[in-house]
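Asker: The amino acid sequence is not available; the structure is as follows:
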């Protein structure tokens, strides 16, 4: 029995959701909120999306997809080209390689792992930005941003988990 067109379209739509959420959070990250001091310390929603989907659906979240999502983020926020793209691909690689450690464990283990990855990615972003500008940059904004990112992770992870459950429970 061959799958009907609607079954194939449904499968394609399900498979595009992680990448579409990544692009959605890139766009959310570029919205100006006009809150003084918010921009440099805003949570990195894209980092959360990449980590979650790399742990839970690595087959749908390729390195190429993550690279282009990161490049789009670099272009839209005015970051040096390739910095977020490289960091997000690195995060995807680490999360995918450690996926067995996180899947099936309590949420606290996932959150702890994300905290370590966020801290490391903040350090890499800070270092690459300092090298790009050839000057020492104040690390406080990136420290606050990664703290906000780790603090916001449970809320976004819950949304991602519900999405994952609804989309892929019958597969």
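Answerer: Ah, there it is. Keep in mind that this is a model prediction, so the values were computed, not measured.
Asker: Which positions within the longest helix along the chain qualify as buried?
Answerer: Among the segments of the chain that qualify as a helix by DSSP state H, the longest is helix 140-168. For helix 140-168, the neighbour count (16 or more other CB atoms under 10 Å) marks 141-142, 145-150, 153, 156-157, 160, 164, 167 as buried. For the C-beta atoms, the positions are set from N, CA and C on the backbone; glycine is no exception.
Asker: do stretch 65-76 as well
Answerer: Those would be 65-74, for stretch 65-76 by 16+ other CB under 10 Å.
Asker: In helices, which of those residues appear?
Answerer: Short answer: the buried residues of stretch 65-76 in helices (DSSP H) are 65-74.
Asker: ok, those residues vs residue 86, which is closest?
Answerer: Nearest to residue 86 among these is residue 70, at 7.2 Å by CB to CB.
Asker: Quick check: of the ones in helices among the buried residues of stretch 65-76, which lies closest to residue 97?
Answerer: residue 66 (14.0 Å).
Asker: show me the contacts for that closest one.
Answerer: Residue 66 is in contact with 22, 50, 54, 85, 88-89, 92, counting by CB atoms under 8 Å, 6 or more residues apart in numbering.
Asker: returning to that earlier point: which members of the ones in helices among the buried residues of stretch 65-76 are the farthest-apart pair?
Answerer: 65 and 74 (15.1 Å).
Asker: What helices and strands are in contact with the helix or strand of the chain with the lowest mean pLDDT?
Answerer: For the chain, the helix or strand with the lowest mean confidence is helix 38-41, at a mean of 78 (criterion: mean pLDDT, DSSP states H and E). Judged by 3 or more CB pairs under 8 Å, 6 or more residues apart in numbering; DSSP states H and E, helix 38-41 is in contact with helix 140-168.
Asker: circling back: check which helices and strands the longest helix of the chain is in contact with.
Answerer: helix 5-29, helix 38-41, helix 45-56, helix 107-133.
Asker: Of those helices, which stretch is the most buried?
Answerer: Mean neighbour count (mean count of other CB atoms under 10 Å) peaks for helix 45-56 among the helices and strands packed on helix 140-168, with a mean of 26.
Asker: got a list of contacts for that one?
Answerer: By CB under 8 Å, 6+ apart, helix 45-56 touches 18, 21-22, 25-26, 28-29, 60-61, 66, 69-70, 73, 84, 87-88, 91-92, 95-96, 98-99, 102-103, 110, 114, 117-118, 121, 149, 152-153, 156-157, 160-161, 164.
Asker: what do you get for stretch 149-163?
Answerer: Under CB under 8 Å, 6+ apart, the answer for stretch 149-163 is 17, 21, 43-45, 47-49, 52-53, 56, 107, 110-111, 114-115, 118-119.
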